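Asker: Sequence and predicted structure, then a few things I'm wondering about:
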Protein chains: 2
Amino acid sequence: MTLPHPNTDQISLPIVLGVLGDPTRLAIVRYLASKEGVPLNCSQFLDLGSKTNLSYHLAKLREAGVTRAEVVGTSRLITLRRADLDTRFPGLLDSVIAAAGDDAELPMIGGQEPAKAHA
Amino acid sequence: MTLPHPNTDQISLPIVLGVLGDPTRLAIVRYLASKEGVPLNCSQFLDLGSKTNLSYHLAKLREAGVTRAEVVGTSRLITLRRADLDTRFPGLLDSVIAAAGDDAELPMIGGQEPAKAHA
DNA sequence: TCCTTAGTTCAAAAGTTATTGAACAATTGG
DNA sequence: CCAATTGTTCAATAACTTTTGAACTAAGGA
């Protein structure tokens, strides 16, 4: 039981940008980046919407090639496809994550700390 | 007669990403980047759609803060807001333009040369 | 086996975005 | 003034995206 993912060379720039142009998904990506190395399952994101709605957004991210979802038991372990994205679009993910880190308009996850403005 | 533009600090990351997540607009931005310094008017982009449709897409880019449109006579001179975007989201525009430069899926403008694959 | 947990799928509704054509405005040149 | 050029606005439609709830599957534990 594996889920469909695009190959690295099939990842499309407009699709990736479009998928990241949604506050919920950008919040997911920011959170994944902040927990890099720790695989997360969908229920980590329930702050952002209903189970069904997250399933939808996570599928969009996966189908765009932004995340990878590995089936483990009844869970999906979700990770950022950082290396693949860096290969395909050098610097893009880093600059998006850096910009998102500062963005107080994006929804927070699990008491996440908003990046502080320079005192 | 000036057109509304967001201030630099009003430029929103998800809105910018969403606006760039459209092949027509990404093609416009790529072309503007390739002609940096040369202000272009809307009719340069008629390859990409009807006059009305371009007016729509150019308004989206302007309202998102990606481009600036200056009214000169009956023309709008359109430029990329590169410095403002670099200030707000360092590295983002560069990585998007670099990635778009290579993208053969994006529509071309006026016999634009597709970036060649490495021989 | 039965229950729970984790997540998907489906269909419907709501909302948003893209595209079109016709009509409009403003400037420029004759 | 008249016509051409440049681009906008409006209303309609088409197409897509997001959100929801109910029903479902699959694995794991008691």
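Answerer: Cool, got the structure.
Asker: what's the pLDDT at the residue nearest to the spatial centre of chain A?
Answerer: Ranked by distance to the mean C-alpha position of chain A (C-alpha atoms, centre = their mean), the top residue is residue A:29 at 2.7 Å. Residue A:29 is assigned a predicted lDDT (pLDDT) of 98.
Asker: And the helices in chain A, which stretches?
Answerer: With helices called from DSSP state H, chain A shows them at A:13-20, A:23-34, A:51-64, A:82-88, A:92-101.
Asker: Nearest to residue B:39 among these would be which one?
Answerer: Ranking the helices of chain A by distance to residue B:39, with C-beta to C-beta as the measure, places helix A:13-20 first at 24.8 Å. In this view, the C-beta of every residue, glycine as well, is placed from N, C-alpha and C.
Asker: do the closest one and DNA strand C meet at all?
Answerer: No - looking at helix A:13-20 against DNA strand C by C-beta under 7 Å from any atom of the strand, there are no contacts, and the closest approach is 8.3 Å.
Asker: Show me which residues of that helix are buried.
Answerer: For helix A:13-20, the neighbour count (16 or more other C-beta atoms under 10 Å in any protein chain shown) marks A:13, A:14, A:15, A:16, A:17, A:18, A:19, A:20 as buried.
Asker: Tell me the one of those residues nearest residue B:100?
Answerer: Minimum separation from residue B:100 among the buried residues of helix A:13-20 (C-beta to C-beta) is found for residue A:13, which lies at 6.0 Å.
Asker: where's the closest residue to that closest one other than its chain neighbours relative to DNA strand C, distance?
Answerer: Nearest residue to residue A:13, sequence neighbours excluded (C-beta to C-beta, 6 or more residues apart in numbering or on different chains): residue B:99, at 5.0 Å. With distances taken as C-beta to the nearest atom of the strand, to the nearest Å, residue B:99 is found 19 Å from DNA strand C.
Asker: picking that back up, give me the subset of the buried residues of helix A:13-20 that also touch DNA strand D.
Answerer: residue A:18.
Asker: ok, so of the buried residues of helix A:13-20, who is nearest chain B?
Answerer: residue A:18 (2.7 Å; C-beta to the nearest C-beta).
Asker: Surely the closest one and residue B:21 touch.
Answerer: Yes - in this structure, residue A:18 is within contact of residue B:21 by C-beta atoms under 8 Å, at 2.7 Å.
Asker: which parts of chain A sit against chain B?
Answerer: Within reach of chain B by C-beta under 8 Å from any C-beta of the partner chain, chain A has these residues: A:12-23, A:26, A:88-92, A:94-96, A:98-100, A:103, A:105-106.
Asker: What subset of those residues is buried?
Answerer: The neighbour-count test (16+ other C-beta under 10 Å) marks A:12-23, A:26, A:88-89, A:91-92, A:94-96, A:98-100, A:103, A:106 as buried among the residues of chain A next to chain B.
Asker: show me what contacts the residue nearest to the centre of chain A?
Answerer: Contacts were defined as C-beta atoms under 8 Å, 6 or more residues apart in numbering or on different chains; by that measure residue A:29 touches A:20, A:61, A:66, A:67, A:80, A:96, A:97, A:100.
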